[in-house]
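In: how does the following fold in three dimensions:
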Amino acid sequence: MHEPVPERHLVDADATQALGAALARSRPPRAVVYLRGDLGAGKSTLARALLRALGVTGTIRSPTYTLVERYPLQDGGEAWHLDLYRIADAGELEFLGLDADETRLWLVEWAERGAGALPAADLVVELAVAGDGRTVRLVPASTRGVAWLATLPD
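Out: Next comes the predicted model:
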């Protein structure tokens, strides 16, 4: 992995949503994002904000029970939001019919449960509860991730 961007404090859900929007505005044409953090750390909030900023309309569901939710993107292709908390083995992902060629953006919660069956991350977003807010570390995991963070506003 590459050097992380310094840790940021997100004072509330609005700050988390602003980060999601900033990531959406600066994202590369194809990207894989692993969202890490305990339950309630803000992973789904960040994913929803990112998808909304990319023009996804209608309900943005948490994939906790469906494992994957697919969203058409305005600029073509699809974004997939995966929540792998409920899987026991990475082999279970075979049954989801994941096709990396169709997917322009992967947002993966609990990616460690799908190790070996997922594309490698370009960016790892580490979220943690900190008082009433959250902390976030953005860790580039590929040259694409480094370039993405270089264009992200402070």
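In: and residue 122, how far from residue 145?
Out: According to C-beta to C-beta, to the nearest Å, residue 122 and residue 145 sit 4 Å apart. Every residue, glycine included, has its C-beta placed from N, CA and C.
In: any common contacting residues for the two?
Out: By C-beta atoms under 8 Å, 6 or more residues apart in numbering, residue 122 and residue 145 have these common neighbours: residue 31.
In: could you list everything the residue nearest the centre of the chain pairs with in the sheet?
Out: Among the residues of the chain, the one closest to the centroid is residue 107, at 3.3 Å (C-alpha atoms, centre = their mean). According to DSSP bridges, the partner residues bridging residue 107 are residue 33, residue 81.
In: which strands and helices sit next to the longest helix belonging to the chain?
Out: Longest helix in the chain, counting residues (DSSP state H): helix 13-26. Counting by 3 or more C-beta pairs under 8 Å, 6 or more residues apart in numbering; DSSP states H and E, the packing neighbours recorded for helix 13-26 are strand 5-10, helix 43-53, strand 133-140.
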